[in-house]
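Visitor: Any chance you could fold what I've pasted below:
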Amino acid sequence: MTNTISILGSTGSIGRQTLEVAEQMGLQVAALTAHSSVDRMEAQVRQFRPRLAVMTDEAAAKELAIRLADTNTKVLGGFDALCEAATAPEADTVVTAVVGMVGLKPTLAAIEEKKRIALANKETLVCAGELVMDAADANGAEIIPVDSEHSAIFQCVQGCADRREIKRLILTCSGGPFYGMGYDEVGKMTRADALKHPNWAMGPKITVDSATLMNKGLEVIEAMRLYRLPLEQVSVVIHRQSIIHSLVEYHDGAVMAQLGTPDMRLPIRYAMTYPNRGYSPAEPLDLLKCPPLTFAEPDRGVFSCLRMAEEAATEGGTACAILNGANEEAVGLFLADKIGFHDIARLVAKARAEVPVVQSPSLEEILAADAAAREAVLR
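Guide: Numbering: from 1, shown residues only. Prediction:
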């Protein structure tokens, strides 16, 4: 059970919802971090009074320090300060809600301090899953997934006496805003079109990843790392309604599913209260008001990012770091209206072809692969 939290990425969608849950549960807040959203961070600090606030943008940190001069909150700037927030001694749980590879080093730092990791930063496990899971095992640190799909799987395996009883993990996928469209039609879609997710309100990067199905590909890799399973035991099914958040199939034929409304506060709360379940004021799922639940196979021809993620997962080594780094850079270009929708997959494929894969990589080799992939996208 959590008493005090640090939130890496407190001004984003997951971070804001975590603070809602913290307020409802009466949790203390030790540290908050953000990139450059000074107004929102100032408001959060004045409400929750953390000991530490970090802005990774140095100019934003200086402005925040001036604004908070009348408080007792210490303000730090720069990416290195994320590790200080992640290792705040009074925090028993660290919520990693930052986007991208920036979450890797502070997550490892928190693991070394034996913190509970409420993991909403999937890139950490995608790029360095073996290192992270080995470090968690060595330090006795809990990793509780916050992504709705991985939280669902985590909940479904609680009654599993032996993980070898698992036959298959089934990740559900909304299909994004372009589900059912042909390749040519999808290629005409704009930034504004891609940001219209049918079910979830999320940040722009993850929303675009949901449109390309790269998000689901990253979740496949994350599931493989969390549960140490091969790709053959992790599958994806389109479920447009986002009511069933994922399923676990067992060798005896039983299939366990976790259902709920598309509300991220449920998995966030569970990461705080595990192994218990706390009261939630959110409206529960009403089965009598649910639409019919449908399922379909993803179209890996139109949405090749899912296929490339599965291929990288099979290849292993730094292949996933290359995939992720290239995707982050390409999505950034798309959000800046510098490339078209299909160019995201094209640039990821380019980086995958150009950057050599290193097997059994060190942390330094993973970071180097990430940097090389980004460079390949930009040149």
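
Visitor: residue boundaries of the helices in the stretch 1-150 of the chain?
Guide: Counting by DSSP state H, counting those that start in this stretch, the segments of the stretch 1-150 of the chain that form helices are 13-25, 38-48, 58-67, 81-86, 104-112, 122-139, 148-156.

Visitor: same deal with the stretch 201-350 of the chain?
Guide: 204-212, 214-227, 265-273, 304-315, 319-335, 341-354.

Visitor: where's Asn215 relative to Ser174, distance?
Guide: 10 Å (Cβ to Cβ, to the nearest Å). Using the backbone N, CA and C atoms, a C-beta is placed for each residue, glycine as well.

Visitor: so what's Gln258 bridging to?
Guide: Per DSSP bridges, the residues bridged to Gln258 are Ser246.

Visitor: Could you tell me which residues make contact with it?
Guide: 151-153, 155-156, 244-247 (Cβ atoms under 8 Å, 6 or more residues apart in numbering).

Visitor: Check what pLDDT it gets.
Guide: At Gln258, the model reports a pLDDT of 97.

Visitor: Next, format the helices of the stretch 1-150 of the chain as CSV and append mean neighbour count.
Guide: Below are the helices of the stretch 1-150 of the chain laid out as CSV (neighbours: other Cβ atoms under 10 Å):
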stretch, mean neighbour count
helix 13-25, 21
helix 38-48, 17
helix 58-67, 17
helix 81-86, 23
helix 104-112, 23
helix 122-139, 21
helix 148-156, 25
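
Visitor: These: which one's closest to Glu283?
Guide: Ranking the helices of the stretch 1-150 of the chain by proximity to Glu283 (Cβ to Cβ) places helix 13-25 first, at 14.0 Å.

Visitor: With just CA atoms, put the closest one into CSV.
Guide: Extracted C-alpha coordinates of helix 13-25, given in CSV (Å, rounded to 0.1, in the frame of the first residue of the first chain):
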residue,chain,number,x,y,z
SER,A,13,-2.4,13.2,-18.7
ILE,A,14,-1.4,10.3,-16.5
GLY,A,15,0.4,12.6,-14.1
ARG,A,16,-2.7,14.8,-13.6
GLN,A,17,-4.9,11.8,-13.1
THR,A,18,-2.5,10.3,-10.6
LEU,A,19,-2.8,13.5,-8.6
GLU,A,20,-6.6,13.2,-8.7
VAL,A,21,-6.2,9.7,-7.3
ALA,A,22,-3.6,10.9,-4.7
GLU,A,23,-6.0,13.6,-3.5
GLN,A,24,-8.9,11.2,-3.2
MET,A,25,-6.7,8.7,-1.3
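
Visitor: Which elements pack onto it?
Guide: Counting contacts by 3 or more Cβ pairs under 8 Å, 6 or more residues apart in numbering; DSSP states H and E, helix 13-25 is packed against strand 4-8, strand 28-34, helix 38-48, strand 93-96, helix 265-273.

Visitor: Show me how this structure divides into domains.
Guide: 4-145, 151-314 (automatic domain parsing).

Visitor: for the ones you listed, which one ends up most surrounded?
Guide: domain 4-145 (a mean of 21; mean count of other Cβ atoms under 10 Å).

Visitor: Average pLDDT for stretch 29-43, rounded please.
Guide: The model assigns stretch 29-43 a mean pLDDT of 98.

Visitor: What helix or strand is Lys167 located in?
Guide: strand 166-173 (DSSP states H and E).

Visitor: can you list contacts of that strand?
Guide: 149, 152-153, 157, 160, 213, 216, 219-220, 223, 227, 229, 233-239, 242, 244-251, 255, 298.

Visitor: quick one: Ile344 from Pro262, how far?
Guide: For Ile344 relative to Pro262 (Cβ to Cβ), the value is 24 Å.

Visitor: circling back: Thr314 is nearest to which of the helices of the stretch 1-150 of the chain?
Guide: helix 122-139 (13.7 Å).

Visitor: How far off centre is that closest one?
Guide: 14 Å (Cα atoms, centre = their mean, to the nearest Å).

Visitor: Convert the C-alpha atoms of that helix to PDB, please.
Guide: Output in PDB follows, covering the C-alpha atoms of helix 122-139 (Å, rounded to 0.1, in the frame of the first residue of the first chain):
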ATOM      1  CA  LYS A 122       6.400   1.800 -21.600                       C
ATOM      2  CA  GLU A 123       9.600   2.800 -23.400                       C
ATOM      3  CA  THR A 124      11.600   1.900 -20.300                       C
ATOM      4  CA  LEU A 125      10.800  -1.800 -20.700                       C
ATOM      5  CA  VAL A 126      10.700  -1.700 -24.500                       C
ATOM      6  CA  CYS A 127      14.300  -0.400 -24.800                       C
ATOM      7  CA  ALA A 128      15.900  -2.000 -21.700                       C
ATOM      8  CA  GLY A 129      13.400  -4.600 -20.400                       C
ATOM      9  CA  GLU A 130      16.000  -7.200 -19.500                       C
ATOM     10  CA  LEU A 131      18.100  -4.700 -17.600                       C
ATOM     11  CA  VAL A 132      15.200  -3.200 -15.800                       C
ATOM     12  CA  MET A 133      13.600  -6.500 -14.800                       C
ATOM     13  CA  ASP A 134      16.900  -8.000 -13.700                       C
ATOM     14  CA  ALA A 135      17.500  -4.900 -11.600                       C
ATOM     15  CA  ALA A 136      14.100  -5.100 -10.000                       C
ATOM     16  CA  ASP A 137      14.600  -8.800  -9.100                       C
ATOM     17  CA  ALA A 138      18.100  -8.000  -7.700                       C
ATOM     18  CA  ASN A 139      16.800  -5.100  -5.500                       C
END
